[in-house]
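Colleague: Sharing a model prediction with you, sequence too.
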Amino acid sequence: MDALIELKDVAKGFKSADGSLRSVLEDVDFTLAKGEIVALLGQSGSGKSTLLRIMAGLIPADAGDVRYRGQPLFGPAQGIAMVFQSFALFPWLTVQQNVELGLEAAGIGAAERTRRAEAAIELIGLAGFEGALPRELSGGMRQRVGLARALVMQPAVLLMDEAFSALDVLTGERLRNEILELWDGGQMPTQAMLVVSHNIEEAVLMADRVLIFASNPGRVRAELPITLQRPRRADSAEVRLLIDEVYRLMTSAAPEAGAVEEAPRPHLSDRLPEAEVGRMESLLELLAEEPFKGRADLPQLAEESELTDEDLLPLADALHRLGLAQLSGGDLLMTPLGHRYVEGSHEFRREIFGQQLLEHVPLATFIRHSLEQEDDGELKEEPFLKLLQESMEAAEAERVLRVAIEWARYGEVFEYDYHTGLIHLPESGED
């Protein structure tokens, strides 16, 4: 195997608000070989983007060995380029000038910059737009500029961080297919690609290997090799089976297939999934109806609900955590309580939701207990944010607390005043 990038026992942490070290990556082993496309899938906040930045030389690892072409990687490497989720274009520069930026920084002469930039722009399908400004381009065209800016450096390794997620479905699919055509046709200078994605179908259609990333801390948990020739049809039986397998790996706590996974033991600092109560209930109601009758294959459920993987998986996780459904081998199964929940009245649902929240979400239980110790039944949100920031970044702590508050308000566990930032017990008669 001709390895381009090698990671061994890589770890990375960041300081929390209280100065303690929060581990983001731990014991990451990974090799990217010449001639392959690898897709990296995992939950938001699992450290995938941090890993890409380490591989690009933008940030250092705290521990472990990072090598490019067998040599230790210290700082940005000339043969590694990165395409970001955001277009990251300078709005006052033309397409040509944006694409030439890296070449100029590398000290390449004007004539050579022009030649290489024009070639990259033509390769990526933007010939004729060299003089356009970013505001004059569609989202797909702007992402093409970002891709041309990376390819003009003739990188051996191309790292793509959610490069298609900011685009509409059709535009993203078209650009992805064009990149694959260039890759399979040998027209790209790139020798290997690593693609971070939330889209399971996209990963299966593109990659020679799919890696499943675990969270808290981030690490490679599973690997699925894909030997199907490209181009691959999304509706083919072989691709659908692979998508099913990736869903199973994404939602399984253990590698054994077919068994119902037990929910992991909850902790106070759990990263609650981004799941609105209304959407959770809608998904549960859909699961109860024909053709599912309480059990659904996740890819089929995604198609029927018209939810993206990025939306569906957190909703399924939330229902699993609250005991209203279970994840089993890539399927979502309603529990008996879930059936009762769907059949119940609005008030019954709120009561059950609150009970399950207190039983399965330690953060909500801790907040409720803390409020009960106060004479006036209220506390500011800051102590709870500070507690969460001991194990996660400030923005993530705010997100987790916001989810807990939304769930608790629906289940009448506690209330929140958005004007004062006070969390308080429900008023008498509401509890």
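Modeller: Happy to help now that I have it. Numbers count the residues shown, from 1 in each chain.
Colleague: Could I get the full set of helices for the stretch 1-150 of the chain?
Modeller: Using DSSP state H, counting those that start in this stretch, the helices assigned to the stretch 1-150 of the chain run over residues 48-55, 95-105, 110-123, 139-151.
Colleague: counting contacts, what elements does the second one pack onto?
Modeller: Helix 95-105 sits against helix 110-123, helix 139-151, with contacts defined as 3 or more CB pairs under 8 Å, 6 or more residues apart in numbering; DSSP states H and E. (Each C-beta comes from the backbone N, C-alpha and C, glycine too.)
Colleague: Kindly list the main-chain dihedrals of the closest residue to residue 197 other than its chain neighbours?
Modeller: Distance criterion CB to CB, 6 or more residues apart in numbering; nearest residue to residue 197, sequence neighbours excluded, is residue 203 at 5.2 Å. Dihedral angles of residue 203 (phi, psi; degrees, to the nearest 10) stand at phi -60, psi -40.
Colleague: what residues are up against the residue sitting furthest away from the middle of the chain?
Modeller: Ranked by distance from the centre of the chain (CA atoms, centre = their mean), the top residue is residue 375, with 42.1 Å. Applying CB atoms under 8 Å, 6 or more residues apart in numbering, we find residue 375 in contact with no residue.
Colleague: what does residue 57 give?
Modeller: Residue 57 neighbours (CB under 8 Å, 6+ apart): 68, 73, 74, 75, 76, 77, 80.
Colleague: What of residue 32?
Modeller: 3, 4, 5, 6, 38, 55, 157, 192, 194.
Colleague: at 7 Å instead, please
Modeller: Counting by CB atoms under 7 Å, 6 or more residues apart in numbering, residue 32 touches 4, 5, 38, 157, 192, 194.
Colleague: Please name the bridge partners of the closest residue to it other than its chain neighbours.
Modeller: For residue 32, ignoring the flanking residues on the chain, the nearest one in space by CB to CB, 6+ apart is residue 5 at 4.3 Å. Note on residue 5: beta-bridge partners residue 32, residue 68, judged by DSSP bridges.
Colleague: I'd say residue 316 and residue 326 touch.
Modeller: No - using CB atoms under 7 Å, residue 316 is not in contact with residue 326, being 9.7 Å away.
Colleague: what's in contact with stretch 192-200?
Modeller: 4, 32-41, 48-49, 52, 156-162, 165, 203, 206-207, 243, 246-247, 309-310.
Colleague: Only the C-alpha atoms, please, for that stretch, written as PDB.
Modeller: Extracted C-alpha coordinates of stretch 192-200, given in PDB (Å, rounded to 0.1, in the frame of the first residue of the first chain):
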ATOM      1  CA  ALA A 192      -6.400  10.400  -2.900                       C
ATOM      2  CA  MET A 193      -9.400  12.000  -1.400                       C
ATOM      3  CA  LEU A 194     -10.900  12.100   2.100                       C
ATOM      4  CA  VAL A 195     -14.500  13.200   2.200                       C
ATOM      5  CA  VAL A 196     -16.200  14.200   5.500                       C
ATOM      6  CA  SER A 197     -20.000  13.900   5.000                       C
ATOM      7  CA  HIS A 198     -23.300  13.600   6.800                       C
ATOM      8  CA  ASN A 199     -24.900  12.000   3.700                       C
ATOM      9  CA  ILE A 200     -24.700   8.200   3.900                       C
END
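Colleague: Quick one: mean pLDDT for that stretch?
Modeller: For stretch 192-200, the mean pLDDT works out to 90.
Colleague: Going forward, count from 21.
Modeller: Sure thing, new numbering starts at 21, so read that last one as stretch 212-220.
Colleague: and it, how far from the chain's centre?
Modeller: Counting by CA atoms, centre = their mean, to the nearest Å, stretch 212-220 is centred 10 Å from the centre of its parent chain.
Colleague: One more: stretch 355-375?
Modeller: 30 Å.
Colleague: Also stretch 428-436?
Modeller: 28 Å.
Colleague: wait, what's in contact with residue 390?
Modeller: Residue 390 touches residue 399, counting by CB under 7 Å, 6+ apart.
Colleague: next one: residue 67
Modeller: Taking CB under 7 Å, 6+ apart as the test, what residue 67 contacts is 44, 45, 237, 238.
Colleague: Of these, which is the nearest to residue 192?
Modeller: residue 238 (24.7 Å; CB to CB).
Colleague: Could you measure from the closest one over to residue 86?
Modeller: 15 Å (CB to CB, to the nearest Å).
Colleague: and these two? which has more neighbours close in?
Modeller: Taking other CB atoms under 10 Å, residue 238 and residue 86 do not tie; residue 238 has more neighbours (27 against 19).
Colleague: residue contacts, the more buried one?
Modeller: Neighbours of residue 238 in contact, by CB under 7 Å, 6+ apart: 44, 45, 66, 67, 68, 71.
Colleague: Considering those residues, which member attains the minimum pLDDT?
Modeller: Among the contacts of residue 238, residue 66 has the lowest pLDDT, at 78.
Colleague: Leaving out sequence neighbours, find the closest residue to residue 122.
Modeller: residue 173 (5.1 Å).
Colleague: so that neighbour makes contact with residue 101?
Modeller: Yes - Residue 173 is within contact range of residue 101, at 5.1 Å (criterion: CB under 7 Å).
Colleague: Could you export the helices of the stretch 21-170 of the chain as TSV, including distance to residue 414?
Modeller: Converted to TSV, the helices of the stretch 21-170 of the chain look like this (distance: least, CB to CB, whole Å):
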stretch	distance to residue 414
helix 68-75	16
helix 115-125	32
helix 130-143	39
helix 159-171	28
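Colleague: Among those, single out whichever gets nearest to residue 354.
Modeller: Using CB to CB, the helices of the stretch 21-170 of the chain put helix 68-75 closest to residue 354, at 31.0 Å.
Colleague: related to what we said a few turns ago, a markdown table for the contacts of residue 238, including distance to residue 422?
Modeller: As requested, these are arranged in a markdown table below (distance: CB to CB, whole Å):
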| residue | distance to residue 422 |
| --- | --- |
| 44 | 21 |
| 45 | 25 |
| 66 | 19 |
| 67 | 21 |
| 68 | 22 |
| 71 | 26 |
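Colleague: thinking again about what came up before, hey, least reliable of the helices and strands packed on helix 115-125 by pLDDT?
Modeller: helix 159-171 (a mean of 84).
Colleague: For that helix, name the packing helices and strands.
Modeller: strand 100-103, helix 115-125, helix 130-143, helix 189-204 (3 or more CB pairs under 7 Å, 6 or more residues apart in numbering; DSSP states H and E).
Colleague: Looking at these, which one is packed in the most?
Modeller: Of all the helices and strands packed on helix 159-171, strand 100-103 has the most neighbours on average by mean count of other CB atoms under 10 Å, namely a mean of 23.
Colleague: Near residue 309, how many residues? Count them for me, please.
Modeller: Residue 309: 11 neighbours (other CB under 10 Å).
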